[in-house]
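Q: Give the three-dimensional model of this entry:
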Amino acid sequence: MCRTFYTLIFILLCLDANANSKNLILGFIQDYPPYSYELNNQPKGRHVEQIIAISTTSGVAVDIEFYPVQQLLRKAVNGDIDGIVGLVYRDDRAEFLDYVLATKIDEVTVSLYTLKQKRNIDELINKKAILAAKIGFALNDDLHAKLNAKGVELYRFSDISIVLKLMESERIDGIIHSDNAITLENQYKNILFKSEEVLTSEPTYLTFSKTLNPVKVKLASKLSSALLDSKK
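A: Predicted coordinates for the structure are as follows:
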């Protein structure tokens with residue numbers, strides 16, 4: 001009972017400390033070049049540079065933290081971070097992230113990667129295809145419907161080396177992945193090939209938690225306005 005009580009007090013103190021902080025705590029996708037990553041313990045990437053620039057022009061101080069997507073979402077739900085940079089919209093995320101206050105920061109495309117060059121996903125459908133997608137990678141409704149209509153089975157992975165072995169043994173037909181500047185095709189030259197077809201293209205956002213206090217809502221609005229102004 002005592003341990004539970006002290007744990008609750010600790011959580012409340014942490015939430016209170018975040019709420020009273022003068023800085024906005026923003027979470028970025030970890031190891032996601034060219035958008036957000038760390039190099040020599042320094043934050044780097046296109047999204048990072050944009051946020052640092054608008055933080056300077058707006059006078060809104062930000063703290064930058066990196067996490068995998070699923071951890072980012074959990075931290076937003078728990079109130080450990082104030083906002084997330086670089087995620088696409090999903091209905092379930094809109095339950096705790098304010099997309100009304102959100103501002104578009106970029107665009108992300110998704111493609112199919114295979115061991116042999118394919119023009120589009122239709123070239124795989126001579127049998128029931130099995131495609132792999134990373135754990136936490138959220139397919140939009142249109143792409144999900146397209147895969148279902150073609151009878152595609154989806155395999156979720158955390159270790160791409162395992163997927164490559166499964167592809168070599170023809171147990172998996174391809175990988176669905178977002179197109180970073182450092183694409184899978186560049187990382188695995190002469191092994192993976194990107195299809196000519198773009199499966200989907202979606203905007204990514206700077207978005208904030210729905211539980212921000214009034215002070216942080218003002219800071220978030222100011223930062224969002226600066227981002228909008230930077231794109232004019």
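
Q: who's in contact with the most centrally placed residue in the chain?
A: The chain has residue 87 as the residue nearest its centroid, 4.1 Å off, counting by Cα atoms, centre = their mean. The contact partners of residue 87, by Cβ atoms under 8 Å, 6 or more residues apart in numbering, come to 29, 69, 72, 93, 97, 204-205, 207. Any C-beta I mention is one placed from the backbone N, CA and C, and that applies to glycine too.

Q: can you check residue 41 too?
A: Going by Cβ under 8 Å, 6+ apart, the list of residues near residue 41 is empty.

Q: Backbone torsions only: list them for it.
A: Main-chain torsions, residue 41, degrees, to the nearest 10: phi 60, psi 20.

Q: what ranges do the helices span in this structure?
A: 2-20, 46-58, 69-78, 141-149, 160-168, 184-187, 214-230 (DSSP state H).

Q: what's the shortest one packed up against?
A: Using 3 or more Cβ pairs under 8 Å, 6 or more residues apart in numbering; DSSP states H and E as the contact test, the elements touching helix 184-187 are strand 193-209.

Q: Only the buried residues of the strand it packs on, if you could.
A: 193-195, 199-200, 202, 204-209 (16 or more other Cβ atoms under 10 Å).

Q: and these as a markdown table, adding distance to residue 168 and pLDDT?
A: Shown next, in a markdown table, are the buried residues of strand 193-209 (distance: Cβ to Cβ, whole Å; pLDDT from 0 to 100):
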| residue | distance to residue 168 | pLDDT |
| --- | --- | --- |
| 193 | 14 | 87 |
| 194 | 18 | 86 |
| 195 | 19 | 86 |
| 199 | 23 | 88 |
| 200 | 27 | 89 |
| 202 | 31 | 90 |
| 204 | 32 | 93 |
| 205 | 37 | 95 |
| 206 | 40 | 96 |
| 207 | 39 | 96 |
| 208 | 44 | 97 |
| 209 | 43 | 96 |
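
Q: can I get those in TSV with distance to residue 46?
A: TSV is the format used below for those (distance: Cβ to Cβ, whole Å):
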residue	distance to residue 46
193	25
194	20
195	24
199	22
200	20
202	16
204	11
205	14
206	13
207	17
208	20
209	23
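
Q: closest to residue 53 among those residues?
A: Nearest to residue 53, judged by Cβ to Cβ, of these is residue 206 at 12.4 Å.

Q: Show me what that closest one is bridged to.
A: residue 85, residue 103 (DSSP bridges).

Q: Could I get the contacting residues of it?
A: Applying Cβ under 8 Å, 6+ apart, we find residue 206 in contact with 26, 51, 83-85, 102-103, 105, 223-224, 227.

Q: check contacts around the nearest residue to residue 197 once chain neighbours are set aside.
A: Spatial nearest neighbour of residue 197, excluding adjacent residues (Cβ to Cβ, 6 or more residues apart in numbering): residue 120 at 3.7 Å. Residue 120 is in contact with 112, 195-197, counting by Cβ under 8 Å, 6+ apart.
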